[in-house]
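Participant: sequence and predicted structure are below.
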Amino acid sequence: MQHLLAGCSFSHQVWHEVLPWCHSTAALPGQNDEFIAWLTSAIAATPRCLRRRLTSITILTDWWLCKHRNGCIFHGGNPSASRAVNDILEESHGRQTRSSRAPKNPVERRGGELQNPSHGRGGAGGGPPRDWLSVDETAAAFLSRSLSTRPPILLPPPLHRAPLRPGNIVEIAGPSGSGKSQLLLMSAVQCILPKEWEGVYFGGLGKAVMYIDLDCRFDVLRLAQILRKRIAAGCGSVHHEEFETDGSKDKFRLFESTLFSDCMKRFLYVRCYNSSELIAALKSLKSQSEARNEIFDIGVYFLMLDSIGAFYWIDRALQPTRESKGKTLSFQSITETVVQEIHKFLQLQPILVLVTKAPIYGEGITTSNDFQRGSPKYMSEDSTPLGYPKREEERNGSCREYMPSAWQTFVTHRIKLQDLAQEPGFFSEQENAILSVHTCEWVQPSLNSKEKFYIKDDGVGLIQ
C-alpha cells in the first residue's frame, strides 16, 4: 500500500496533477517517505483556509488509486494516469454537486422534535457556528478557478516535456558549459515577452522575472541578444513587409525599441555575493513584487537562482556561530532559511522557481602520488587515477548531491544537463557554424528519454 500511494512513478504522475487543484505548495511524496507522515507535513505547510480541500482531495485520490490498481489487476485494464485524474475530477465534481443540493441549514431530530443545531450557540461574530460548513462553490467551479489562476506554463524546448505550474520548484543541474544559464535566459525572455503587441503575436507570458545572480556570471548582452532575436522573429512575418513597402525602416526600429524597453522593465536583476545577501533578497521578494505590481500592474511570476551552490564552500568554511535567537548558523541552517523564505512567498503568491545547480566535486580526490601512478600509460579511458573503474554516473558527468535534505525535499522537478564534448558538433545552416551538442534529461518526473540540443543566437534548438 505504501508503494501504491507514494512509491511508484504512476502515483507520482497523479499527485503532480492533483495537488495544484488545492493550491498546495507541498512537495510530492517521495519513495522513502511514509504516506501518513508526508500527509501530516503537507497539511501543516498548507494555509488553514485550504487544509479541508487538501484533505478531501487526498482521501479521494487514495481511493481512486486503489480502485484503478484493482481494475488493472482483476479486470485486465491498462494503467492510465490521465484517466485516473479525470475520474478523480468527475468524482470530486459529483460529490460537490450532491452536497450543494443539501439544505444549507440542517436540522437535527432530538426527542421527536426538529431542532436547529445553531440555536442556543453563537458562532464567531454572532453568526451560526456551522456557517463554515455551507458550500460556497462546486468542485467544477473550484477547479476552473484554480486552473485559471494557475494555468500550465509551457516553456521553450527542451523544458517543454513536463507541464509546469506556479508553485513548482525546478532544479536544473549540470556541469559548467552544459547550458544551464542559457536555459534560464531563454525562459526569462519567454516570461517577459508579451503574448501579443500591437497585433503581432509573440507567444510570451507578459509577466515579471526576478533573476538572482549568485555566481556573478550573468550576461546582459546575451539576454538582450535573445530578446531582440525573438522580437525580430515575431515582427519579421508581419511588420517587415509593411514597413518595407512604406519605405520607412525608422518606424520598424521605433516599434522594436519600444517593445524591447517594455520587456526589460519586467526583468528584475539582483546580484548577491554571499548567503546573507541571498536571504535578504528573498525577504524583500514580497515588497519587490508589490512595487512592480503598483507601477506596472504586473507581479513577479518567475524566480530564478543561478546558481544555488555558489556559496557552498564559503558557508562550509565558516565556524558554526550562534545567532541572537540561539540558532546555530551553519550551511544546514542557511539552506533551511532559504527554503523557508521561498515557501513563505509561495503561500502568498504562487510563482515558478527555476534554480541551477553546478557540481562542486570532481570525479575523485587524488594526491601527488596518485598523479604519478595515474599517467596515461597506466590508465584506461574508463578508469580513475587510482586505477579503479569509473562509475556510470561519473562517466556521464553527473554531479554528486551536496545540498541538504531540506532542499532536496523542497524541489519538485529535476533536470540533468550534460555537455557532449566528446561527440562531433552539430552544423547549423542558420548560424553557418559547428555548435556544441548538449543533452537534457528529466530526472523528476522520470521521462526515460534524453534530448539533444544546441545553443544558437536566438535561444536553443533541438536536434531531431
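Facilitator: Noted; the coordinates are in hand.

Participant: tell me what the helix or strand hosting R253 is packed against?
Facilitator: Assigned by DSSP states H and E, R253 belongs to helix 249-264. Under the contact criterion of 3 or more CB pairs under 8 Å, 6 or more residues apart in numbering; DSSP states H and E, helix 249-264 touches helix 180-192, helix 220-236, helix 239-246. Yep, even glycine has a C-beta here, placed from its N, CA and C like the rest.

Participant: give me the nearest residue to S41, chain neighbours excluded.
Facilitator: A26 (7.2 Å; CB to CB, 6 or more residues apart in numbering).

Participant: you'd agree that neighbour is up against T40?
Facilitator: No: in this structure A26 lies outside contact range of T40 using CB atoms under 8 Å: 10.6 Å.

Participant: which one's more surrounded, those two?
Facilitator: Between A26 and T40, counted using other CB atoms under 10 Å, A26 has the larger neighbour count: 22 against 11.

Participant: can you confirm that one is in a helix?
Facilitator: No: A26: not assigned to a helix; according to DSSP: H, G, I helix; E, B strand; the rest coil it is coil.

Participant: OK, contacts around it?
Facilitator: Residues in contact with A26 (CB atoms under 8 Å, 6 or more residues apart in numbering) are L19, W38, S41, A42, A45, T46.

Participant: which helix or strand contains the third one?
Facilitator: Applying DSSP H and E as the criterion places S41 in helix 35-44.

Participant: buried stuff in the helix or strand just after that helix?
Facilitator: Using DSSP H and E, the helix or strand that directly follows helix 35-44 along the chain is helix 51-74. Across helix 51-74, burial judged by 16 or more other CB atoms under 10 Å covers R51, R53, L54, I57, T58, L60, T61, D62, W64, L65, H68, R69.

Participant: which helices and strands sit right next to helix 51-74?
Facilitator: helix 9-18, helix 35-44, helix 81-100.

Participant: work out the gap between it and the centre of the chain.
Facilitator: Chain-centre distance of helix 51-74: 25 Å, with CA atoms, centre = their mean, to the nearest Å.

Participant: now it: mean pLDDT?
Facilitator: In this model, helix 51-74 has a mean pLDDT of 80.

Participant: begin at 750 from here
Facilitator: Right, with 750 as the first residue, what we last looked at is helix 800-823.

Participant: now what about it, what contacts it?
Facilitator: Outside helix 800-823, the residues that touch it by CB under 8 Å, 6+ apart are 753-754, 760, 763-764, 767-768, 770-771, 773, 788, 791-792, 795, 826-828, 832-833, 836-837, 840-841, 844, 891.

Participant: now the residues you listed: which count as buried?
Facilitator: Those of the contacts of helix 800-823 that meet the buried threshold are 754, 760, 763-764, 767-768, 770-771, 773, 788, 791-792, 795, 833, 837, 840-841, 891, by 16+ other CB under 10 Å.

Participant: G953 versus E945, what's the distance?
Facilitator: Distance of E945 to G953, computed by CB to CB, to the nearest Å: 9 Å.

Participant: do C1189 as well
Facilitator: Distance from C1189 to G953, by CB to CB: 22 Å.

Participant: avg pLDDT for stretch 981-998?
Facilitator: 60.

Participant: which of the helices and strands packed on helix 998-1013 sits most buried?
Facilitator: Ranked by mean neighbour count under mean count of other CB atoms under 10 Å, those are led by helix 929-941, which reaches a mean of 24.

Participant: and the angle for it with helix 998-1013?
Facilitator: Angle of helix 929-941 versus helix 998-1013, following axes from the mean of the first three to the mean of the last three CA atoms, to 10 degrees, is 110 degrees.

Participant: against which helices or strands is helix 929-941 packed?
Facilitator: Helix 929-941 is packed against strand 918-922, strand 957-962, helix 969-985, helix 998-1013, strand 1049-1055, strand 1101-1106, strand 1208-1211, with contacts defined by 3+ CB pairs under 8 Å, 6+ apart.
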